[in-house]
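**Q** Quick one, fold the following:
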Amino acid sequence: MNRVLTTLSLAATLVAGSTLAGCGGGGGGTAFPATAGGGGTAPLAAPGAIPFGANLARGASYVGRAQLATIGLDVHVALANEAGLYAYAKEANTPGSALYRKWLTPQQLGEQFGATAADYAALVTAYTKAGISVKTYPQRTMLRLRGPQPAIEKMLGLTFGIYKKNGQTFLAPANSPHPLTLATKITALTGAVGYQARGRNYVRASNVFGNGYVPQQIASAFDYTSAYAAGYTGAGISVGIIGTGPITDGYPNTTGGDVADFKHLYNVPGTGTVTQVFSTNADVATPSPGSPSPAPPVSGIPGEASTGLASPPPVTADNTSGCTSQGYQPGSFPTNYETCNPEDGEAQLDTEQVAGLAYDANVLFYLAFNPNECSGLPGASCGGTFSALGIQLTDDEIQQAIADNTADILSMSFGLDEADSEADYFPNGSTGPGPTEFAMAEAEGMAIFASSGDQGAQGCTAQTTQLCVSYPATDPSVVSVGGVNAPIDQSGQLSGPLTAWGTQTGGAVSGQGSGGGCSLYFPLPTFQTGIPGETCSKRSQPDLSLDADTNTGVSVDIDAPPNLGGRELAVIGGTSVAAPDMAAMWALVLQACKQDSKCASSGSASAHAYRLGNPNPLFYQIYAKGLNGVGYANVFSDVRYGGNSTVPVPVSSATPAPNATPTPLTGYTAGVGYDLTTGIGVPFARSLIRAVVGV
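**A** Coordinates of the predicted model:
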């Protein structure tokens, strides 16, 4: 029997409490100050030169010395020409440049900008001789390591401990890294700090009548339908989704799938497919003879190798004994994914929105799983304590997408405030592992869309009253997608004005709204320089917006396979709706370019000549002066009302004290032209195709 929930009472966001375990640069390499805990004070070392994500663990309590069978993490390697990479990515994505749309392959990226072949090989040799397994990538920016704890600690000059912070128990270094070999060739470690702070940008709605907007309503309101009528449905385009959790479609151990059920339920046509791309170990150097044997496959699927990334286990219902025995609650994170691997809602939202709006496009769902850090507290048996899946390993998923070079578009619906992301992704101010990854994807011609965040102008995890923005949405290689309230009637027509998503009255208490504001780190990119309405001295976000308000949320099909309990329909909002919707709209644009001889022939002489790269220079050109004879007002709706102000929600509680004085709203308001809550406005698909492609 199908379970259908027409309304949901869960109003709190489910974005708190998740980090990229595959992302942990940071903080100048200093060890973090640990608070005395059950195991005393952690040993501290002098500041080091290699960032490892120390900021994420500041204030944690030290429990004791880690005793793990194996440890997996990522080593980022010094590029031979990092400045050249950023320069090439910018020129290849600047209309009018001699390099415009001259896309590179991952192999060319590695040869021209990545680590030298000699450095890369030397590191692989050193690690494998120490009994550590290594996954390599053709772009030569990162190595994935997995090996016995003593070997990892010796080679990287680390001692790992167990820590507690905000109710989480996690693995982290007790000192700064001092690698034994080729230390000057290592620029950062990611995945060394397991504290989960990165969040999914979606919100389950409450007090909403019905099941949320269906694909036909969104398609009609934002004029995907006219694009469909012109033959643009996403055919021949691949949209990659950086996975935050498991999906069922296309997984060999699960019958049925949510996307298939969603399309059937809402009569969505099309021949688009959903393929799961596991970040496993197709390119692995195994340990040398005499070294410890690699771990066996964990999921029963042939082809698993030894660096700790494996095909994920089958999806489970959240009320199975494997979940209840762990104390799992919806919205939290399992401690052992082998026995409890429930859907997270975000993954279903992302795949269903893309598949429902670009219904002939192929969806590539990138998902990484690491089951191996599974012996947590000293003396504890292996229980999956530090296994990681999806959002905790998105760094590995992005590297896989770059190496594959198959996705024309990437959609990402997660983020973390810049202050913590600096420790994670760009320890050098505005360069580092994150910007390097996205510049490489940009140089391959990929369009990258990221949700701008759901905490309005207060996107900080540590101090909600501080104005701050979300990364990776502020990366200059990424399109930041914000959110609006979009009242749509049953026929798919807008029944009122588009307004910015945020708290509109001082009497309401809410921590929700379209992420937006000024970056603290990234310089103002050329495409934003001098535009009307720009008030930031550095990169600003969002760039544009689509529907996100929970009051106008979309329908999401969850747990559809019979073994998971049958269909549950949830109403979900947040900028995690807007980002995949924009990725789907761009798929229609790319199909139009691919089918137009003039547009397709203007790119590089490669299989991906039709790619248009970073859409932002084109979006802002439309905003400033129009494109291909199509003016801004014909493509975008300028959102002039509302704002992304929110009443900050204290970290310790989402419920204010009785009779408490409301906290003043803080944020930005929408207005004429560009603003820091909706960007340049809301696009309409058919007109966007005319402006960009000219057809």
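
**Q** tell me the average confidence for the helix ranked longest in the chain?
**A** Longest helix in the chain by number of residues (criterion: DSSP state H): helix 575-595. Helix 575-595 carries an average pLDDT of 98.

**Q** same thing with stretch 646-655?
**A** 46.

**Q** all helices in the stretch 451-600 of the chain, in order from the N-terminus.
**A** Using DSSP state H, counting those that start in this stretch, the helices of the stretch 451-600 of the chain run over 575-595, 597-601.

**Q** mind putting those in JSON lines, mean neighbour count included?
**A** All C-beta spots, glycine's among them, are computed from the backbone N, C-alpha and C. Shown next, in JSON lines, are the helices of the stretch 451-600 of the chain (neighbours: other Cβ atoms under 10 Å):
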{"stretch": "helix 575-595", "mean neighbour count": "29"}
{"stretch": "helix 597-601", "mean neighbour count": "13"}
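
**Q** Redo the ones you listed as a markdown table? Include distance to C323.
**A** Formatted as a markdown table, the helices of the stretch 451-600 of the chain follow (distance: least, Cβ to Cβ, whole Å):
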| stretch | distance to C323 |
| --- | --- |
| helix 575-595 | 23 |
| helix 597-601 | 49 |
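
**Q** pLDDT below threshold where in the stretch 151-300 of the chain?
**A** Along the stretch 151-300 of the chain, the model assigns pLDDT under 70 to residues 197-210, 253, 280-300.

**Q** As a check, name the ranges of all helices in it.
**A** Applying DSSP H, counting those that start in this stretch to the stretch 151-300 of the chain gives helices spanning 215-221, 224-229, 258-265.

**Q** And those: which comes nearest G429?
**A** helix 215-221 (38.7 Å; Cβ to Cβ).

**Q** residues contacting A592?
**A** Residues in contact with A592 (Cβ atoms under 8 Å, 6 or more residues apart in numbering) are A227, A230, Y232, C599, I689, V692, V693, V695.

**Q** so the third one sits right up against Q591, yeah?
**A** Yes. Under the criterion of Cβ atoms under 8 Å, Y232 is in contact with Q591, at a separation of 5.1 Å.

**Q** these two touch, right, M582 and S480?
**A** No. Contact criterion Cβ under 8 Å: M582 and S480 do not qualify, at 10.0 Å.

**Q** thought G432 was touching Y425?
**A** Yes. Here G432 reaches Y425: they are 6.0 Å apart, a contact under Cβ under 8 Å.

**Q** Could you check which of those two is surrounded by more residues?
**A** It is Y425, of G432 and Y425, that has more neighbours when counted by other Cβ atoms under 10 Å, with 31 against 23.

**Q** Roughly how far does the more buried one sit from A188?
**A** Distance of Y425 to A188, computed by Cβ to Cβ, to the nearest Å: 9 Å.

**Q** Strands along the stretch 551-695 of the chain, start to end?
**A** Taking DSSP state E, counting those that start in this stretch as the test, the strands found in the stretch 551-695 of the chain are 554-558, 568-573, 636-637, 682-683.

**Q** Which of those has the lowest mean pLDDT?
**A** strand 568-573 (a mean of 92).

**Q** mind checking how far that one is from the chain centre?
**A** 20 Å (Cα atoms, centre = their mean, to the nearest Å).

**Q** tell me what that strand is packed against?
**A** When contacts are defined as 3 or more Cβ pairs under 8 Å, 6 or more residues apart in numbering; DSSP states H and E, strand 568-573 packs onto strand 203-204, strand 554-558.

**Q** List the buried residues of that strand.
**A** Buried residues in strand 568-573, counted by 16 or more other Cβ atoms under 10 Å: E568, L569, A570, V571, I572, G573.

**Q** these two touch, right, the fifth one and D344?
**A** The one in question is I572. No. I572 lies out of contact with D344 (Cβ under 8 Å); the separation is 11.3 Å.

**Q** mind listing what Y100 touches?
**A** Contact partners of Y100, counting by Cβ under 8 Å, 6+ apart, are E91, A92, N93, T94.

**Q** Need phi/psi at it.
**A** In terms of degrees, to the nearest 10, the main-chain angles of Y100 are phi -60, psi 120.

**Q** and if you look at L367?
**A** Dihedral pair for L367: phi -140, psi 130, per degrees, to the nearest 10.

**Q** when you give positions from now on, start the count at 15
**A** That works, and once the first residue is 15, the last one we named lands at L381.

**Q** mind listing what the residue nearest to it when sequence neighbours are not counted touches?
**A** Spatial nearest neighbour of L381, chain neighbours left out: G257 (3.9 Å); criterion: Cβ to Cβ, 6 or more residues apart in numbering. G257 makes contact with A361, D364, F379, Y380, L381, A382, G404, I405, T408, E411 under the criterion Cβ under 8 Å, 6+ apart.

**Q** Let's see if you can find the most crowded of these.
**A** For the contacts of G257, neighbours were counted using other Cβ under 10 Å, and D364 has the most, 33 neighbours in all.

**Q** For that one, which residues are in contact?
**A** With contact taken as Cβ under 8 Å, 6+ apart, D364 is in contact with I255, G257, T258, S425, S427, S590, A593, P594.

**Q** I'd like those laid out as a markdown table, including distance to D503.
**A** Shown next, in a markdown table, are those (distance: Cβ to Cβ, whole Å):
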| residue | distance to D503 |
| --- | --- |
| I255 | 30 |
| G257 | 34 |
| T258 | 32 |
| S425 | 27 |
| S427 | 27 |
| S590 | 24 |
| A593 | 25 |
| P594 | 23 |
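
**Q** closest to V498 among those residues?
**A** Among these, A593 lies closest to V498 (Cβ to Cβ), at 13.3 Å.

**Q** Distance-wise, check the closest one relative to S491.
**A** Separation of A593 from S491 (Cβ to Cβ) stands at 15 Å.

**Q** L534 now?
**A** Remark: distance between L534 and S491 (Cβ to Cβ) = 18 Å.

**Q** same check, this time on Q121
**A** For Q121, the distance to S491 - Cβ to Cβ - is 20 Å.

**Q** And these two? Which one has more around it.
**A** Higher neighbour count among Q121 and S491: S491, with 27 against 14, using other Cβ under 10 Å.

**Q** For that one, which non-adjacent residue is closest in space?
**A** That would be F452: by Cβ to Cβ, 6+ apart, it lies 3.8 Å from S491.
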